[in-house]
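any chance you can model this:
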Amino acid sequence: MTSLKSEKVFRDPILGFIHVDNSVILDLINSHEMQRLRRIKHLGVANLVFHGGEQSRFQHSLGVYEISRRMIDALDHNKQLFNEKKWEHQNDLLVQAAALLHDVGHGAYSHTFEHLFNTVHEQFTQKIITDPSTEVNAILRRVSKDFPAKVAAVIGKTYPDKRVVQLISSQLDADRMDYLLRDAYYTGAEYGRYDIERILRLIRPVKDGFAFDIAGVHSIEDYVISRYQMYLQVYFHPVSRGMEVVLENLLMRAQELFDQNPDNPIFFQLLKPIFSLKNKIDVQDYIALDDSVFNTAFNIWQNADDPVLADLAKRFLDRKPLKSMVLNAQTKPLLADIKQKIVALGFDPKYYTGENDATDLPYESYSPKTGEEGIKFVYPNGEQAELSQLSPLVAAINGKESIDRRFFFPRELLADKEVNDLYLKYKKTY
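Presented below is the predicted three-dimensional model:
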């Protein structure tokens, strides 16, 4: 590793200080592709519900790097306590680089962008890392010619050393540990808080990954339940999803207009590649897009000649979410009648309704799909046990998918008493 003459320190409201003592990491932080993440909100449109949720993907990425660094230090410090394979320090920079860059391929407005334009941020992350035209790639190649491919393999979960992958992507990894604390802090929600220092203190290296001292069961139980609650209370919030549907329908209408006339002046140059090429977009054209580019477009579009585009753009900018009700066996047969009422009000259901599923699997003791195992604990005699075997709380949610299906519609429809009564009855899941 190439050490800096003096350590660089970033102040952070979640982790206190983020320490950088390697020139490769510092140069990656200062790269064009990483600085772009300052202009992409970590929570997408959730800041329109939780007004403090303005944190960026850049902040989160630095946090994931710092937690991975602390995990490595803890694994190294605790290796003597068990007769297991020690942590190999030649992997330190690989882990830290992958942690820092794990979100570098996120698109504007995150997951809404992916859904509409058929992009996958993990794939674009790997493209940015391996494409010779990027600053990130040039910096990584200073380590070795094959280093970009190694970093991409960690993010793609194909790197042969499971422990390296698990630190970045598992049921208790640096990514999840940071976003829970960071999102809880910025949204003002208490659900995501847990004792990270205790967890790091109890991490242990084992043969095929890492585990935790048996004394840490309750701390990690709290982490899993915190994540479960954050999804139900913050990430599944129906109002932010109502804004996502507005955004999705807005971009869908824009795509239709672009297909009709790509030379329409409402589509300035930065937008044209994504509307014309979608998932085949060039890496450099993709990197040029961020939240601010689309916000500029929305400001232009609210004065567009097309009434649907103009209205949806204004609704998004002025925070006018669609209302919603739970979509279940009782409400689904009513949708056709509701859509007729929407048409009677002068709205096209194609652009002013939406069905949205929010899903999460809070914990899984074993995944047949990926072969990934749950969180392991180590007894003093070296025997191991899995978390759901030790925690009745975790056992209760083990393997059980959290899901919230909703139908979204214009708030103007609530003037209809029948619809308003349905809304009041079914606006909550329980």
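
helix, strand, or coil at E7?
Of the three states, E7 takes strand under DSSP: H, G, I helix; E, B strand; the rest coil.

count the residues that sit near it.
Residue crowding around E7 was assessed by other Cβ atoms under 10 Å; the count is 12. Just so you know, the C-beta spots here come from the backbone N, C-alpha and C atoms, and that holds for glycine as well.

contact partners for it?
19-21 (Cβ atoms under 8 Å, 6 or more residues apart in numbering).

lowest-confidence member of those, which is it?
pLDDT across those is lowest for D21, at 94.

neighbours of G188, how many?
Neighbourhood size, G188 [other Cβ under 10 Å]: 11.

the nearest residue in space to it that is not next to it in sequence: how many residues sit nearby?
The shortest distance from G188 to any non-neighbouring residue, by Cβ to Cβ, 6 or more residues apart in numbering, is to G52 (5.6 Å). Using other Cβ under 10 Å, G52 is surrounded by 11 other residues.

checking G52 next. Helix, strand or coil?
With three-state DSSP as the basis, G52 sits in coil.

read off the pLDDT value for it.
Value for G52, per-residue pLDDT: 95.

gap between it and L43?
Distance of G52 to L43, computed by Cβ to Cβ, to the nearest Å: 10 Å.

how many neighbours does the residue nearest to L414 when sequence neighbours are not counted have?
The shortest distance from L414 to any non-neighbouring residue, by Cβ to Cβ, 6+ apart, is to N420 (4.7 Å). For N420, the number of neighbouring residues by other Cβ under 10 Å comes to 13.

helix or strand for N420, which one?
helix 417-426 (DSSP states H and E).

G107 too?
Element membership for G107 (DSSP H and E) is empty, with no helix or strand holding it.

what does Q255 give?
helix 238-260.

tell me the helix or strand right after that helix.
helix 272-277.

for that following helix, packing partners?
With contacts taken as 3 or more Cβ pairs under 8 Å, 6 or more residues apart in numbering; DSSP states H and E, helix 272-277 sits against helix 238-260, helix 283-287.

run the chain-centre distance for the last one.
Translated: helix 283-287. 20 Å (Cα atoms, centre = their mean, to the nearest Å).

before we move on, what about stretch 29-48?
The answer for stretch 29-48 is 11 Å, by Cα atoms, centre = their mean.

and it, average pLDDT?
On average, stretch 29-48 scores 96.

ok, and what's touching the helix or strand Q126 falls within?
Secondary structure assigned from DSSP H and E places Q126 in helix 121-130. Helix 121-130 is contacted from outside by 33, 101-107, 110, 114, 134, 136-137, 140, 148-149, 151-152, 155-156, 283, 286-287, using Cβ under 8 Å, 6+ apart.

lowest average confidence across helices and strands of the chain, where is it?
helix 110-117 (a mean of 76; mean pLDDT, DSSP states H and E).

please point out which parts of that helix sit buried.
The neighbour-count check on helix 110-117 (16 or more other Cβ atoms under 10 Å) flags 110, 112-114, 116-117 as buried.

now the strands for the stretch 1-150 of the chain?
Assigned by DSSP state E, counting those that start in this stretch, the strands in the stretch 1-150 of the chain fall at 3-12, 16-22.

winner for burial among those?
strand 16-22 (a mean of 16; mean count of other Cβ atoms under 10 Å).

report all helices and strands that the helix holding N420 contacts.
Using 3+ Cβ pairs under 8 Å, 6+ apart, helix 417-426 sits against strand 323-326, helix 335-344.

if we can go back for a sec, the least confident helix or strand of the chain: how far from the chain's middle?
12 Å.

what's the angle from that helix to helix 121-130?
100 degrees (axes from the mean of the first three to the mean of the last three Cα atoms, to 10 degrees).

low-confidence ranges in the protein?
When residues are selected by pLDDT under 70, those of the chain lie in 1, 79-87, 279, 430.

make it 80
For the chain, applying pLDDT under 80 flags the ranges 1-3, 77-89, 110-119, 207-208, 278-279, 370-371, 429-430.

dump the residue contacts of the residue nearest to G188.
186-188.

quick one, phi psi at it?
The main-chain torsion angles of G52 are listed as degrees, to the nearest 10 and equal phi -80, psi -10.

just to revisit the earlier point, wait, which of the helices and strands packed on helix 272-277 is closest to S276?
helix 238-260 (7.3 Å; Cβ to Cβ).

in the stretch 51-200 of the chain, which spans are helices?
For the stretch 51-200 of the chain, the helices defined by DSSP state H, counting those that start in this stretch cover 57-78, 92-101, 110-117, 121-130, 135-141, 147-155, 162-168, 174-187, 196-201.

surely H60 meets D178?
Yes: contact criterion Cβ atoms under 8 Å: H60 and D178 qualify, at 5.9 Å.

those two: who's more crowded?
Neighbour tally, H60 and D178, criterion other Cβ under 10 Å: the higher count belongs to D178, 26 against 23.

which residues touch the more buried one?
14-15, 60, 63-64, 66-67.

for the residues you listed, could you give me TSV that also reports distance to F268?
Listed next are the contacts of D178 as TSV, based on distance: Cβ to Cβ, whole Å:
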residue	distance to F268
I14	36
L15	39
H60	29
G63	34
V64	33
E66	37
I67	39
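
wait, which of those residues is closest to L317?
Nearest to L317 among these: H60, at 25.0 Å, using Cβ to Cβ.
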